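Undergrad: return atomic coordinates for the entry below.
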Amino acid sequence: MRMTHGLAVWTMIGCTALWSMAGVVTRHLEEARSFEVTFWRSFFTVVSLLIILPLWQGRGVWSRLPWRNRYFWLSGLCWSVMFTAFMVALTLTAVANVLITMAVGPLFTALFTRVFLRHPLPLRTWVAIVLAGIGIGWMYGTQLSLGDPNFLLGSLVALCVPIAGAVQWTLAQKSQSDGHNLDLVPSVLLGAVFSTLLTLPLAMPFQASTHDVGLLAILGLFQLAIPCVLSVVCVRVLKAPEASLLCLLEIVFGIALAWWGANEAPQMSVLLGGSLVLGALLMNQWLGWKQNNV
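TA: Purely as a prediction, here's the structure:
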């Protein structure tokens, strides 16, 4: 599948819109809670990818899976952490808190590649890290002062998502430097399998209604499987900073959808702290993009 640059941009925007629907859909569940939510979404992601992958890459996709490649297994483990922690965090705290916490992923990635791969960090990235840290600290401090019992736990669970994501992208870069060509889509499938198996015993006994299972099936197909496949196609056309900028739209879409579709209005401290985080990320990515195009 080949795309023009313009089509890749619009497709990536569509992917971020699909990714952002998890929060508002979760708020409309009736009986499913915590690990059961994660189990059903991961299960339907596995089912969806088992159908999509052969249709997209042919039946030979299974014989080409790098079973002996350690990066493949480590990448799958990272995806499973992201799948599990994200949905559990949504059941504990507000959508805006989860999405803004996840937004620091690119900065974690920059730090990890600096520490483990010795990639130099430009001054703009260090400034962005400091500003984002101030924004997150402000948001956390204000929320804790309000006495929300689940905020800290939910935020710490959500923090597992950008950390695992940073490890994932660091592994991808390391695998390329070692001469491996890591295909991210089969790793997504492996991560969904891990997440399904991990959360199955924790989800018992099942309490989800037919309505809940239907919503989580929609998430598995439309919020994970389809946009993950499309995003892999897009990043073959888009430059990395450009793709990172577009991915930030997930935060905007996610908060707006939860506000509009579930009446979950973010508090002013979250909006202000989140704006500082987003501003720092936008500044860093935009300056990097401009510098690379000079």
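
Undergrad: so residue 259 makes contact with residue 265?
TA: Yes: counting by Cβ atoms under 8 Å, residue 265 is a contact partner of residue 259 at 5.5 Å. For every residue, glycine as well, the C-beta is placed using N, CA and C.

Undergrad: mean confidence for whichever helix in the chain runs longest?
TA: Of all segments of type helix in the chain, defined using DSSP state H, the longest is helix 151-177. Per-residue pLDDT over helix 151-177 has a mean of 83.

Undergrad: in the helix or strand just after it, what's buried?
TA: Counting by DSSP states H and E, the next helix or strand C-terminal to helix 151-177 is helix 184-203. Judged by neighbour count (16 or more other Cβ atoms under 10 Å), helix 184-203 contains these buried residues: 184-196, 198-200, 203.

Undergrad: helix 184-203 vs helix 151-177, what angle?
TA: 150 degrees (axes from the mean of the first three to the mean of the last three Cα atoms, to 10 degrees).

Undergrad: returning to that earlier point: next, the buried residues of the longest helix of the chain.
TA: In helix 151-177, residues buried by neighbour count (16+ other Cβ under 10 Å) are 151, 154-155, 157-175.

Undergrad: output the below-cut-off pLDDT ranges for the protein.
TA: 1-2, 143-149, 180-182, 239-242, 245, 289, 292-294 (pLDDT under 70).

Undergrad: repeat the analysis, applying 50 as the threshold.
TA: For the chain, no stretch is flagged by pLDDT under 50.

Undergrad: just the helices from it, written as ranges.
TA: Counting by DSSP H, the helices of the chain are 5-19, 21-26, 34-57, 70-90, 95-102, 105-116, 123-145, 151-177, 184-203, 210-218, 226-234, 240-247, 249-262, 268-292.

Undergrad: okay, those helices in TSV with distance to residue 63 next?
TA: As requested, the helices of the chain are exported to TSV (distance: least, Cβ to Cβ, whole Å):
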stretch	distance to residue 63
helix 5-19	28
helix 21-26	33
helix 34-57	11
helix 70-90	14
helix 95-102	35
helix 105-116	32
helix 123-145	41
helix 151-177	20
helix 184-203	12
helix 210-218	29
helix 226-234	19
helix 240-247	30
helix 249-262	34
helix 268-292	38
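
Undergrad: so which of those helices is the most packed in?
TA: Among these, helix 95-102 has the highest mean neighbour count (mean count of other Cβ atoms under 10 Å), at a mean of 26.

Undergrad: give me the contact list for it.
TA: 20, 23-24, 26-27, 86, 89-90, 135-136, 139, 143, 151, 154-155, 158-159, 161-162, 165, 250-251, 254-255, 258, 262, 264, 266-267, 270-271, 273-274, 277-278 (Cβ atoms under 8 Å, 6 or more residues apart in numbering).

Undergrad: repeat the analysis, applying 7 Å as the threshold.
TA: 23, 89-90, 139, 151, 154-155, 158-159, 161-162, 250-251, 254-255, 258, 264, 266, 270, 273-274, 277 (Cβ atoms under 7 Å, 6 or more residues apart in numbering).

Undergrad: got it, and stretch 214-229?
TA: For stretch 214-229, contacts defined as Cβ under 7 Å, 6+ apart pick out 15, 18-19, 21-22, 25, 28-29, 32, 37, 40-41, 43-45, 47-49, 52, 56, 185, 188.

Undergrad: chain center to stretch 246-256: distance?
TA: Remark: stretch 246-256 is offset 11 Å from the chain centroid, using Cα atoms, centre = their mean, to the nearest Å.

Undergrad: for that stretch, list the C-alpha coordinates in PDB.
TA: Only the C-alpha atoms of stretch 246-256 are listed here, as PDB (Å, rounded to 0.1, in the frame of the first residue of the first chain):
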ATOM      1  CA  LEU A 246       0.000  14.600  14.300                       C
ATOM      2  CA  CYS A 247      -0.100  12.100  17.100                       C
ATOM      3  CA  LEU A 248      -0.600  14.900  19.600                       C
ATOM      4  CA  LEU A 249      -4.100  15.400  18.200                       C
ATOM      5  CA  GLU A 250      -5.100  12.300  20.100                       C
ATOM      6  CA  ILE A 251      -5.000  14.200  23.300                       C
ATOM      7  CA  VAL A 252      -7.100  17.100  21.900                       C
ATOM      8  CA  PHE A 253      -9.600  14.700  20.300                       C
ATOM      9  CA  GLY A 254      -9.800  12.500  23.400                       C
ATOM     10  CA  ILE A 255     -10.500  15.300  25.900                       C
ATOM     11  CA  ALA A 256     -13.000  16.900  23.500                       C
END
